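Enquirer: missing the sequence, but the structure's below:
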């Protein structure tokens, strides 16, 4: 696997630490932001290959964070995976409508997250290669 970077935007230290450790153990470079505004800034700075985003955060929620990231031309095609304890269908629909590629419920299995990340990165790569230059 070529070097890939992931940005995790989540205010729960325990969940973030576990996910960061798992992703780093398989070769990802991982960045972390503790809230939506910091996440938007980190996304612009690092231009990650994918973003894992929580919905409930202390400043702006994940939906608004996603919209702000997707408005940046360099990040418009960056896949965003929502990872949240909000499991209502309305939240799932809002996540996808705001620009999310996938929605995974907390608690989650590490293998599910890894598979989802690899899948969305590969899909974004294929789309990028097929886009007219």
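Expert: That came through, no problem. What you see is a predicted model; the values in this text were computed from it and never measured.

Enquirer: could I get the full set of strands for the chain?
Expert: 4-9, 28-33, 50-53, 80-84, 102-105 (DSSP state E).

Enquirer: what's the lowest-mean-pLDDT helix or strand in the chain packed up against?
Expert: Least confident helix or strand of the chain, by mean pLDDT, DSSP states H and E, is helix 110-130 with a mean of 85. With contacts defined as 3 or more C-beta pairs under 8 Å, 6 or more residues apart in numbering; DSSP states H and E, the packing partners of helix 110-130 are helix 13-25, strand 50-53, strand 80-84, strand 102-105. From N, CA and C alone the C-beta is placed, and that goes for glycine too.

Enquirer: hang on, the earlier thing: out of the strands of the chain, which is closest to residue 91?
Expert: strand 80-84 (6.8 Å; C-beta to C-beta).

Enquirer: about what we covered before: of the strands of the chain, which approaches residue 92 most closely?
Expert: strand 102-105 (4.8 Å).

Enquirer: adjacent strands (with direction) for that closest one?
Expert: Sheet pairing for strand 102-105, assigned by DSSP bridges, gives strand 80-84 (parallel).
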